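**Q** the following block contains a protein sequence and its predicted model.
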Amino acid sequence: MPRKDALFIFLLILFLSPFFVFPSVSQFYLRFNAEHGLIISFIKFAILATVGEVIGLRIRKGNYLEKGFGILPRALVWGILGLTIKMAFVIFSVGTPAFLAYIGFEKAPQIMQNELSWAKVGVAFSISLTMNLIYAPVMMTLHKITDLHIIQTQGNLIAFLKPIAIRKIMTNINWDTMWNFVFKRTIPLFWIPAHTITFLLAEDLQVLFAALLGIALGVLLAVADLTNQKLKHINT
């Protein structure tokens, strides 16, 4: 294993280990999460999803950091997206069971409070399905827009805070990759099953698990970028 990979893994374990080793730390996290859900969502996504992007950079370029990568603006974007993800979790975890009850599955809201069963898995799948079909494409597109804005502003945090030329950036997005890989493959094959598991977890663990999935997102985006580069090479 390359030295820089070993160092990165060591630092990641060192950062996460207190939550598992020291009960006081985990208890503080659970209490803070219960009392300040939005704040902790911002922090978790700002850190963990950015770590995912750093890993993605390692896969694409062979380095964990490079000039113009913009780790601070990326962390800011992920923190804000984390707030919208928490909002989506609240809306769909309540709204989808309510809709199921409306169309005849009257016990759906109560089932999510019960122990694990196939009925609970079915409701969790329905929550994940609706969230990923309605909210996820919007979030992914917004993330892509901010990602291109970070590149255009060369990773400078102050420059990033300038107005985003959304119309211009929208026209420069590779929609072939966005549709054929990000939307068409990752949503049904990864995000819907992954978030089905998420909604089966206790509420105080759901956003943490979703943030950990942000690390997987960084890897998926790196694979998408490599796939796009290979297609360009084949076409030329």
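**A** Perfect, I can see it now. Residues are numbered from 1 along each chain as shown.
**Q** in the chain, which spans are helices?
**A** Per DSSP state H, the chain carries helices over the ranges 3-21, 23-35, 37-44, 50-61, 71-102, 108-111, 118-134, 136-152, 157-160, 166-172, 175-177, 192-198, 203-235.
**Q** angle of the second one against helix 3-21?
**A** The directions of helix 23-35 and helix 3-21 differ by 80 degrees, with axes from the mean of the first three to the mean of the last three C-alpha atoms, to 10 degrees as the criterion.
**Q** any buried residues in helix 23-35, and which?
**A** Burial within helix 23-35, assessed by neighbour count using 16 or more other C-beta atoms under 10 Å, is assigned to Tyr29, Leu30, Asn33. (Each C-beta comes from the backbone N, C-alpha and C, glycine too.)
**Q** relative to Thr146, how far out is Lys67?
**A** Separation of Lys67 from Thr146 (C-beta to C-beta, to the nearest Å): 19 Å.
**Q** poorly predicted segments of this structure, please.
**A** Applying pLDDT under 70 to the chain picks out residues 218, 221-236.
**Q** tell me, what residue is most central in it?
**A** By C-alpha atoms, centre = their mean, the chain has its centre lying nearest to Gly214, at 3.7 Å.
**Q** residues contacting it?
**A** Counting by C-beta atoms under 8 Å, 6 or more residues apart in numbering, Gly214 touches Phe45, Leu48, Ala49, Val51, Gly52, Trp78.
**Q** and the buried residues of helix 23-35, which is closest to Gln152?
**A** Minimum distance to Gln152 across these is 35.3 Å, recorded for Asn33 (C-beta to C-beta).
**Q** surely the closest one and Glu203 touch.
**A** No - using C-beta atoms under 8 Å, Asn33 is not in contact with Glu203, being 9.2 Å away.
**Q** in stretch 176-190, what's buried?
**A** Residues of stretch 176-190 classed as buried by neighbour count (16+ other C-beta under 10 Å): Thr177, Met178, Phe181, Val182, Phe183, Arg185, Thr186, Ile187.
**Q** ok, so of the residues you listed, who is nearest Ile169?
**A** For the buried residues of stretch 176-190, the nearest to Ile169 is Met178 (12.5 Å; C-beta to C-beta).
**Q** so that closest one makes contact with Thr141?
**A** Yes - the pair Met178 / Thr141 is scored as a contact, 7.3 Å apart, by C-beta under 8 Å.
**Q** neighbours around Lys162, how many?
**A** When neighbours are counted by other C-beta atoms under 10 Å, Lys162 registers 11.
**Q** how about the contacts made by it?
**A** Thr153.
**Q** for it, grab phi and psi.
**A** phi -70, psi 160 (degrees, to the nearest 10).
**Q** please report how far it lies from Ile145.
**A** In terms of C-beta to C-beta, Lys162 sits 14 Å off from Ile145.
**Q** kindly report the same for Ala124.
**A** 30 Å.
**Q** can you put the buried residues of stretch 176-190 in CSV and add distance to Leu16?
**A** What follows is the buried residues of stretch 176-190, written out as CSV (distance: C-beta to C-beta, whole Å):
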residue, distance to Leu16
Thr177, 32
Met178, 32
Phe181, 29
Val182, 27
Phe183, 31
Arg185, 29
Thr186, 25
Ile187, 28
